[in-house]
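S.K.: Kindly generate the corresponding structure for this input.
(one chain, ligands or ions: 1)
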Amino acid sequence: MPRLERPTDQPIPGGGSMFDIVLIGAGVVGSAIARVLSQYRCTVAVIEKESDVGMAASSRNSGVIHAGINYAPDSLRARFCMQGRKLLLTWCDELNVPYKVCGKLIVAPSEEEVPGLRRLRSTGEANGVPGLAIIGPNEITELQPGIKAVAALHVPSSGIVSPYAMTLAMAEEAAVNGVTFLLECEATQIRPVDGGYAVDTDRGTVSGRWVINSAGIHAGHLAQTIDPEAPDLYPCVGEYLILDKQVGESLAMSVYPAPPVGGAGLGVHITPTTEGNVLLGPSDEYVSDPETTSCAGKTADQLLEEAMIMWPALPRHLVIGAYAGIRAKRTSPSVGGFGDFLIRQTPSADRVVHLIGIESPGLTAAPAIADYVVHEILHANEPLVQKPLSEVVHRPWSTRFDDLPEEEKERLVAKDPNYGDIICRCEGVTKHELLHALNNPLGVKTLTGIKYRCRATMGRCSGGYCLPRMVEILQEEHGWEPDDFVLRGPSSPAFAGRLIEERHD
Ligand SMILES: Cc1cc2nc3c(=O)[nH]c(=O)nc-3n(C[C@H](O)[C@H](O)[C@H](O)COP(=O)(O)OP(=O)(O)OC[C@H]3O[C@@H](n4cnc5c(N)ncnc54)[C@H](O)[C@@H]3O)c2cc1C
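M.R.: Numbering: from 1, shown residues only. Here you go, the predicted structure:
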């Protein structure tokens with residue numbers, strides 16, 4: 001059998017060819033920019049160091065659509081949060097990405113925290129956030145039973161979105177509309193060349209007339225290769241616990257504490273996910289390794305303890321998993337708190353644009369950041385030509401089979417028996433969905449990539465049932481060799497070796 005094709009088999013476009021725009025980093029921000037650009041007549045290459053898009057902060061966050069109460073009114077965070085929230089809901093409708101405007105409660109466990117709620121309310125009102133109200137214990141219980149607090153700020157316009165589905169859907173739509181994605185390709189330097197800029201990578205050089213640096217936690221030091229005055233970024237890890245869907249049935253909206261003064265995050269919150277689970281977290285701890293994603297047992301205890309101040313009866317035995325994400329902070333550990341987003345055109349090379357310190361609410365703000373970069377920087381500098389609508393392909397995210405009405409399920413099973421073959425019991429994933437995930441337009445073949453696209457292995461058994469079934473299908477029907485099974489990329493093989501020799505009776 002031939003070896004499975006890998007992203008590194010795709011040659012780097014060299015030989016003097018120059019893209020109109022080279023984007024570095026395919027998180028939610030880079031993918032949003034790629035989506036907007038794919039609606040124009042221009043050539044775009046996206047350089048991404050991982051084997052798939054959205055594998056860093058963009059899939060490792062709370063998935064909360066922020067309303068705009070936490071940011072100083074004259075800041076870019078406030079502006080892009082307010083504009084981004086509106087655009088995000090429209091984009092989710094266009095892309096069929098799951099979201100819910102379920103609202104949020106910010107709770108004061110004691111009278112001491114009530115002034116903090118008032119401050120948030122006035123900031124929110126200055127930013128134009130609608131419907132903010134400080135409510136008492138009875139109204140809290142009506143909205144969310146089980147919460148212990150003397151008062152809460154109700155933020156009805158807050159919501160939740162599937163962060164990884166959002167990023168993948170935007171990138172996949174950009175790819176079908178002609179954007180070139182170079183995965184497993186790490187940018188190391190940006191430098192001027194005749195007619196534009198060269199981005200040196202570990203696989204060769206990609207050149208562009210414009211370069212957009214959207215490399216998340218690495219955006220600062222990558223910027224410094226051409227723009228020595230660009231600021232440093234400080235990694236700050238946020239760990240989460242995932243609770244079983246049983247818990248999701250009793251949580252209607254996100255519940256946050258009043259934000260800790262000077263803290264690096266918004267405090268440990270309890271939030272539902274669009275898939276029905278519940279998240280507890282995140283912690284906030286500055287770290288030296290910007291790639292760390294490990295979770296510690298002692299942090300888990302601390303997250304449970306803090307969440308149970310707000311929800312004393314929280315069923316702590318229903319924790320089914322954990323994950324961690326890295327904040328790209330502009331404020332050092334000694335300063336703490338939050339810095340503003342920085343969108344910086346290099347003074348000596350103004351067609352190299354750096355997006356630095358895009359921490360929370362970067363997920364909410366991503367569509368507005370993309371709109372700003374494309375229209376107010378690129379287009380304002382040299383007009384881009386829009387493609388006619390008939391040329392733009394829409395690629396909606398697939399509705400999960402499990403979420404379809406019974407009659408529709410029956411119709412699909414009659415059409416294709418692969419819909420009737422449930423390969424993941426916890427999440428109700430069908431063989432059809434597995435194969436659809438495998439045929440993604442980015443050519444991603446990692447097990448994590450398949451997981452994010454169809455949710456197989458995301459349930460409470462963590463792959464105990466579905467992983468062997470997936471392996472069987474991919475080996476027997478698609479000719480995968482053991483070495484082809486990798487989790488996140490080539491450095492994480494799924495199989496270490498064979499324990500027993502195959503028997504040929
Ligand atoms: C714990 C936590 C909770 C959060 N909660 C929320 C929330 O609820 N709501 C909200 O709105 N926001 C939230 N955020 C913020 C949000 O997740 C981020 O602002 C957003 O994901 C940033 O997107 P990005 O594309 O800039 O960065 P990233 O997602 O980090 O993407 C950067 C990409 O660049 C790639 N890359 C890096 N270096 C290179 C290189 N040298 N060459 C090629 N590729 C490279 C990376 O692999 C990555 O794919 C949270 C963040 C964290 C960490």
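S.K.: State the distance from Arg400 to Val97.
M.R.: 12 Å (CB to CB, to the nearest Å). Backbone N, C-alpha and C define where each C-beta goes, glycine included.
S.K.: Ala366 now?
M.R.: For Ala366, the distance to Val97 - CB to CB - is 12 Å.
S.K.: And Gln475, by the same measure?
M.R.: According to CB to CB, Gln475 stands 32 Å off from Val97.
S.K.: okay, those two: which has more neighbours?
M.R.: Val97 (23 against 15; other CB atoms under 10 Å).
S.K.: List the residues that contact that one.
M.R.: Contacts for Val97 (CB atoms under 8 Å, 6 or more residues apart in numbering) come out as 91, 161-162, 165-166, 169, 397.
S.K.: per-residue pLDDT, it?
M.R.: At Val97, the predicted lDDT confidence score is 98.
S.K.: same check, this time on the one 3 residues further on
M.R.: Looking at Lys100, its pLDDT reads 98.
S.K.: How about the one 10 residues further on?
M.R.: The pLDDT attached to Ser110 in the predicted structure is 92.
S.K.: same deal with the one 10 residues further on?
M.R.: Reading off the per-residue confidence, Leu120 sits at a pLDDT of 96.
S.K.: Next: Leu499.
M.R.: For Leu499, the model assigns a pLDDT of 78.
S.K.: on that earlier part again, now do the shared contacts for Ala366 and Val97.
M.R.: Met166.
S.K.: Show me which parts of whichever strand or helix holds Ala126 are buried, residue by residue.
M.R.: Using DSSP states H and E, the element containing Ala126 is helix 114-127. By neighbour count with 16 or more other CB atoms under 10 Å, helix 114-127 contains the buried residues 114, 116-117, 120-121, 123-124, 127.
S.K.: Using JSON lines, lay out these together with distance to Gly479.
M.R.: Shown next, in JSON lines, are the buried residues of helix 114-127 (distance: CB to CB, whole Å):
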{"residue": "Val114", "distance to Gly479": "64"}
{"residue": "Gly116", "distance to Gly479": "59"}
{"residue": "Leu117", "distance to Gly479": "59"}
{"residue": "Leu120", "distance to Gly479": "56"}
{"residue": "Arg121", "distance to Gly479": "60"}
{"residue": "Thr123", "distance to Gly479": "57"}
{"residue": "Gly124", "distance to Gly479": "56"}
{"residue": "Asn127", "distance to Gly479": "55"}
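S.K.: farthest-separated two in the residues you listed?
M.R.: Spanning the widest gap among these are Val114 and Asn127, at 20.7 Å by CB to CB.
S.K.: Can you name every helix or strand that the strand or helix carrying Val353 contacts?
M.R.: Following DSSP H and E, the helix or strand that holds Val353 is strand 349-356. Applying 3 or more CB pairs under 8 Å, 6 or more residues apart in numbering; DSSP states H and E, we find strand 349-356 packed against strand 196-201, strand 204-213, helix 219-223, strand 342-346.
S.K.: Pipe those into CSV and attach mean neighbour count and distance to the ligand per row.
M.R.: Shown next, in CSV, are these (neighbours: other CB atoms under 10 Å; distance: least, CB to the nearest ligand atom, whole Å):
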stretch, mean neighbour count, distance to the ligand
strand 196-201, 21, 7
strand 204-213, 23, 9
helix 219-223, 23, 5
strand 342-346, 18, 11
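S.K.: Take those and lay them out in a markdown table including mean pLDDT.
M.R.: Listed next are the helices and strands packed on strand 349-356 as a markdown table, based on pLDDT from 0 to 100:
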| stretch | mean pLDDT |
| --- | --- |
| strand 196-201 | 97 |
| strand 204-213 | 97 |
| helix 219-223 | 98 |
| strand 342-346 | 98 |
